[in-house]
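Participant: Kindly return the folded structure for what I paste below:
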Amino acid sequence: MQADPGPIRILHGIAPQHRIAAAALYWRYFGAQILPLPTTPRQGITLIRAALRPDHALIALAPSGRMVGIAGIRDAGGGILRPDPSSFHAVWGPVRGQLRHRAAGLFRAGPPTSDLILDGIAVRPGWRGRGIARLLVGTAIAHASQTGHRALRAEVAAGNHAALAAWRAMGFAPMARVRLGWPWSAPAHVLRLTL
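Facilitator: Got it, this is the predicted structure:
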């Protein structure tokens, strides 16, 4: 493991000055999972920014104040992105936006649970391998405990062996393989850490 990244701060919520950076980072790593239709990066980032629920995210800030990581969190009230069509309308207008929103309805979320779910973790290139993802997970664990959740869950593509190993190293245990995401998506593992 590389040296300690220094005084990285983890915050619950996304302040207005970090929303564009948060949307860009989230789109970069999860854009194809969010909307596999042909979409330019500008459209994707605008969509994420319009759909963003700042209170359903944790962010990592470098000592300079630059956002270097993000983790979405999902509970019974939803996840990091609002599912309503208004975000799609903001990018593509009412007609095309409605069609894209309906297409996005094909996405299958994980099974209902009372656990807190990690809704994607992304760390900027150049900042990876410095423990930032672990800091985000540690903060998610604390948040889950404070809000009365009995466990934290993660959903990982079955073929992503490196991610599976990383989650297991943090104490997450595999629960089941399920079909998540798009109808054509490969199976995924649901992992759980009891608190």
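
Participant: Residues contacting the strand or helix carrying Ala103, please?
Facilitator: Per DSSP states H and E, Ala103 falls inside helix 86-104. The contact list for helix 86-104 (C-beta atoms under 8 Å, 6 or more residues apart in numbering) reads 34-35, 37, 43, 46-47, 50-51, 81, 83, 85. C-betas here are computed from N, CA, C, even on glycine.

Participant: from what I can see Ala157 touches Ala188, true?
Facilitator: Yes: the pair Ala157 / Ala188 is scored as a contact, 5.3 Å apart, by C-beta atoms under 8 Å.

Participant: what about the two, which has more around it?
Facilitator: Set Ala157 next to Ala188 and count neighbours by other C-beta atoms under 10 Å: Ala188 wins out with 21 against 16.

Participant: Give the bridge partners for that one, please.
Facilitator: On the basis of DSSP bridges, Ala188 is bridged to Ala157, Val178.

Participant: Find the least confident helix or strand in the protein, judged by mean pLDDT.
Facilitator: Across the helices and strands of the chain, mean confidence by mean pLDDT, DSSP states H and E is lowest for strand 173-178: a mean of 82.

Participant: Buried ones in stretch 127-143, by neighbour count?
Facilitator: Buried residues in stretch 127-143, counted by 16 or more other C-beta atoms under 10 Å: 127, 130-133, 135-137, 139-141, 143.

Participant: sorry, back to before: just give me how far the helix holding Ala103 sits from the chain centre.
Facilitator: In terms of C-alpha atoms, centre = their mean, to the nearest Å, the centre of helix 86-104 is set 21 Å apart from its chain centre.

Participant: before we move on, the earlier item: which one of the contacts of helix 86-104 sits closest to Ala169?
Facilitator: Ile34 (27.3 Å; C-beta to C-beta).

Participant: Enumerate every residue touching that closest one.
Facilitator: Taking C-beta under 8 Å, 6+ apart, we find Ile34 in contact with 27, 44, 47-48, 81, 104, 107.

Participant: And the pLDDT at it?
Facilitator: Looking at Ile34, its pLDDT stands at 83.

Participant: just Gly6 next, same as before
Facilitator: The model reports Gly6 with a pLDDT of 61.

Participant: Tell me how far Leu47 lies from Phe172.
Facilitator: Distance, Leu47 to Phe172, by C-beta to C-beta, to the nearest Å: 30 Å.

Participant: and the residue minimising distance to the centre of the chain, what element?
Facilitator: Centroid-nearest residue in the chain, with C-alpha atoms, centre = their mean: Gly120, separated by 2.4 Å. Taking DSSP H and E as the criterion, Gly120 maps to strand 116-123.

Participant: What segments of this structure are helices?
Facilitator: In the chain, the segments counted as helices under DSSP state H are 19-34, 41-51, 86-104, 132-146, 161-169.
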